[in-house]
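**Student:** requesting a structural model of the entry that follows:
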Amino acid sequence: GRLIITNIRILWHSSTSPRINLSIGHNCILSTSTKVVNSKLKGTTQALQLLTISNGTRYEFIFTNLIPGNTRHFTSVMEVHKAYNSSRLYRELKLRCAIIHNKQLKILPQEQVVSTLMGVWNLSSDQGSLGTFHVSNVRFVWFADVNEGFNISLPYLQIESISIRDSKFGTALVITSSEASGAFVLGFKVDPEETLRNLYKELTSLHTVYSAKPVFGVEYKYSSGKEYTEHNNNLVEDYEALEEPKGEIGNTIVAYLADEGHSRDRPPVFSPELGLAVEQVKEG
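**Tutor:** Prediction:
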């Protein structure tokens, strides 16, 4: 098959039947490594091992390259996954993390600060906390003036809604995070009200722009050697197909469908595995 590596996932599909395919998001990958395996096609060879988890179930995937000694795809997978893990601030809600140093926001690569507001109240407590509000092209950040460790970083990717509501503190900016990030409801008080509404318009506009063209923060520059050229990416050495699927039906099912000499339907029998009555399977 063919292995495709992007900035957010890994794809594989069969060369003979593209509908047989696999998509693995980098967020599902627990670890990446290489190991020596015994291949039916090439004997002992090096393989890429991916340990993943989805909906609480763990999976293991092993990929081998048909070109002996060619491990450039393996290196790319591990490097891109490393870049993905190091760029989670672009995509995940963070509370009380090391994003501020000496009252200054640590700017991420590809991030541009649009505006900074002083004297913004965070309404998470009964008294409220006074702090600084940063707006960038990928997220907003607020931190307390008396304790920069008390902060929040929320990417536009995880914002469910932005609105202006009345609260016991007066008119407030309310930002709701997505269910995947905990469905937090964050309230901020900005004076005067005109500044609050300008901030609301700014965040709404940036959120719309980001939704149309998101910035995931995953950067990887692939540099190949002279022995590899772009047109060789899809070429492999001669190989022998062990099984050539005919259509999209597995061989086991085909054995039951190819019923030559069938004259009439067999009587139904109860299948405890399916919990249904099915036509009796032919002998053999």
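
**Student:** now the helices for this protein?
**Tutor:** 72-85, 193-212, 251-257 (DSSP state H).

**Student:** save these as a markdown table, and put in mean neighbour count, distance to residue 150 and mean pLDDT too.
**Tutor:** Where you see a C-beta, it was placed from the backbone N, CA and C, and this is true even at glycine. Compiled in a markdown table, those are given as follows (neighbours: other C-beta atoms under 10 Å; distance: least, C-beta to C-beta, whole Å; pLDDT from 0 to 100):
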| stretch | mean neighbour count | distance to residue 150 | mean pLDDT |
| --- | --- | --- | --- |
| helix 72-85 | 17 | 25 | 87 |
| helix 193-212 | 14 | 20 | 96 |
| helix 251-257 | 9 | 60 | 46 |
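
**Student:** distance to residue 123 for those - can I get that in TSV?
**Tutor:** Converted to TSV, those look like this (distance: least, C-beta to C-beta, whole Å):
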stretch	distance to residue 123
helix 72-85	33
helix 193-212	12
helix 251-257	60
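
**Student:** from the chain's centre, how far out does stretch 51-68 sit?
**Tutor:** 16 Å (C-alpha atoms, centre = their mean, to the nearest Å).

**Student:** what about that stretch, start to end distance?
**Tutor:** 24 Å (C-alpha to C-alpha, to the nearest Å).

**Student:** and it, what's buried?
**Tutor:** 52, 63-65, 67 (16 or more other C-beta atoms under 10 Å).

**Student:** need the residues that contact stretch 83-93.
**Tutor:** Residues from elsewhere that reach stretch 83-93 (C-beta atoms under 8 Å, 6 or more residues apart in numbering): 7-8, 26-27, 94, 99, 108, 138-139, 152-155, 157-158, 177, 181-182, 184, 215-220.

**Student:** ugh, wrong one, stretch 202-215
**Tutor:** Contacts of stretch 202-215 (C-beta under 8 Å, 6+ apart): 90, 110-111, 114-115, 135, 137-138, 140, 156-157, 159, 162, 173, 175.
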